[in-house]
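> all I have is the shape, not the residue letters:
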């Protein structure tokens, strides 16, 4: 049976489930609605316009790549990311937007397939053996509101999600050095396109504290290969920064030291909530210092937990989750559509963790909130921000998820007690 026949057969099987039919039609509706809104209201007010202009500026006036006067909103990404958008400049702006979102539909299909394959690999023994529950979560992902916003804005989050999941699948499926390097390289490409995954880099280290022998274990060579792999694509940007020093200054100002990180907006990161508080009450502050402090606290806790985690062959999943959670909680601008990168990893954790464990319950509730309710908080922010400029709905659930993962990672799987109990003497070896 060829690939087309297998696909058609599988599609017919899935069509028997009502949740799949709902997901199919709702996803198509999201696409159609995005096109209608684009031609009626958002031709000059979407993120894709920025990407479209970036490709042209990279070809014709690269030194002004970070001249934000060229864009509706700031362009923040690495210079090499512009290469990804150049092909769209060979088409009209209107045709490019339609094709871009058609590709987004295809990407979501591929994402669901890879996500399914990952879940099959890591699914715990106490989960259902059939695929009905997996199908439900995949369909809920297809129907989630972040997908709608991603379509309307013409955002590139699905490309990042695809690279994240492909790299994770390779890490889980293959253990030899060649594939470890390949998986890291793919993750590095995602950082080049959009630095959402940048804080995942430290969690590529294969490091663990041996609780029995009380010593730190580090697989140095394999960790080194992973870091080389992920940094290879990212480091290529150095050539552009060296050739055009103006690009380096513009990149730093746009992302860390300029006026944009100070502006009042509905980002749900902890850093942005603090900045909004200081901005609203006219309290003097340094936005970069705030970011560094929040990163030191959240990132430090995440990495320490990762180091002291219980030994688990699928620990890379939790490293991915921590990297994304840290980025969303720490960086200035964390938007609703960015959750498309985190949600698939959380779905994997739901099926990897024990079926009725606290972390599984917390994560599933967070995923449900991210799917359908965060957009409400964005609307509330617009209504009340002159009096209360804080969008904290997703912040709460991100912190809750961070806590649930940390508790689970530190739990001793034999004694059902956590790390702190263990080292306070409550657990006997």
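Looks like it arrived, so ask away. Please read these numbers as outputs of a predicted model, since none were measured by experiment. Numbering: from 1, shown residues only.
> backbone dihedrals for residue 216, please?
Reported as degrees, to the nearest 10, the phi and psi values for residue 216 are phi -90, psi 130.
> and if you look at residue 373?
phi -120, psi -20.
> tell me how many other residues crowd it.
13 (other C-beta atoms under 10 Å). To be clear about C-beta, it is placed using only N, CA and C from the backbone, and glycine gets the same treatment.
> isn't it up against residue 393?
Yes. With contact defined as C-beta atoms under 8 Å, residue 373 and residue 393 form a contacting pair (6.9 Å).
> now name the helix or strand holding the closest residue to residue 83 other than its chain neighbours.
Spatial nearest neighbour of residue 83, chain neighbours left out: residue 58 (7.1 Å); criterion: C-beta to C-beta, 6 or more residues apart in numbering. Here residue 58, judged by DSSP states H and E, is contained in helix 47-60.
> remind me, longest helix of this structure?
Across the chain, the longest stretch assigned as helix under DSSP state H is helix 93-122.
> show me what that one is packed up against.
In terms of contact count using 3 or more C-beta pairs under 8 Å, 6 or more residues apart in numbering; DSSP states H and E, helix 93-122 is assigned the packing partners helix 18-37, helix 47-60, helix 132-143, helix 145-153, helix 157-173, helix 339-352.
> for stretch 104-111, buried residues please.
104, 105, 107, 108, 111 (16 or more other C-beta atoms under 10 Å).
> how many residues are close by residue 317?
Neighbour count for residue 317, taken as other C-beta under 10 Å: 21.
> that one reaches residue 346, doesn't it?
No. Residue 317 is beyond contact range of residue 346, at 9.9 Å (criterion: C-beta under 8 Å).
> now do the contacts for the residue most central in space within the chain.
For the chain, the residue whose C-alpha lies nearest the mean C-alpha position (C-alpha atoms, centre = their mean) is residue 341; its distance is 2.9 Å. Taking C-beta atoms under 8 Å, 6 or more residues apart in numbering as the contact definition, residue 341 lies against 157, 160, 161, 164, 196, 197, 324.
> list the contacts for the second one?
Contacts of residue 160 were listed using C-beta under 8 Å, 6+ apart, and they are 190, 193, 194, 196, 197, 341.
> on the pLDDT front, check it for me.
In the predicted model, residue 160 carries a pLDDT score of 96.
> got it, and residue 241?
As predicted, residue 241 sits at a pLDDT of 92.
> helix or strand for the residue nearest to it when sequence neighbours are not counted, which one?
The shortest distance from residue 241 to any non-neighbouring residue, by C-beta to C-beta, 6+ apart, is to residue 248 (4.1 Å). Secondary-structure assignment from DSSP H and E places residue 248 in helix 245-252.
> got the contact list for the helix or strand that comes right after that helix?
Under the assignment DSSP H and E, the closest C-terminal helix or strand after helix 245-252 is helix 270-280. Outside of helix 270-280, the residues that reach it under the criterion C-beta under 8 Å, 6+ apart are 261-262, 264-265, 283-285, 287, 290-291, 294, 298, 329-334, 389-392, 395.
> thinking again about what came up before, what comes up buried for the helix holding residue 248?
For helix 245-252, the neighbour count (16+ other C-beta under 10 Å) marks 247, 248, 250, 251 as buried.
> same question for stretch 366-375.
366, 367, 369, 370, 371, 374, 375.
> what is the nearest of those to residue 126?
residue 367 (19.3 Å; C-beta to C-beta).
> any idea how far the closest one is from residue 195?
Distance, residue 367 to residue 195, using C-beta to C-beta, to the nearest Å: 24 Å.
> one more: residue 61?
Using C-beta to C-beta, which is the criterion applied here, residue 61 is 23 Å from residue 195.
> which one of the two is surrounded by more residues?
The residue with more neighbours, out of residue 61 and residue 195 and counting by other C-beta under 10 Å, is residue 195; that gives 18 against 11.
> so what's that one up against?
Remark: with contacts taken as C-beta under 8 Å, 6+ apart, residue 195 is in contact with 76, 77, 78.
> could you redo the last one with a cut-off of 7 Å?
With contacts defined as C-beta atoms under 7 Å, 6 or more residues apart in numbering, residue 195 is in contact with 77, 78.
> go on, residue 372?
Contact criterion C-beta under 7 Å, 6+ apart gives 144, 145 as the residues in contact with residue 372.
> ok, now residue 137?
If a contact means C-beta under 7 Å, 6+ apart, then residue 137 has residue 347 as its contacts.
> at 10 Å instead, please
Residue 137 makes contact with 19, 112, 115-116, 119, 343-344, 346-348, 350-351, 364, 367, 371 under the criterion C-beta atoms under 10 Å, 6 or more residues apart in numbering.
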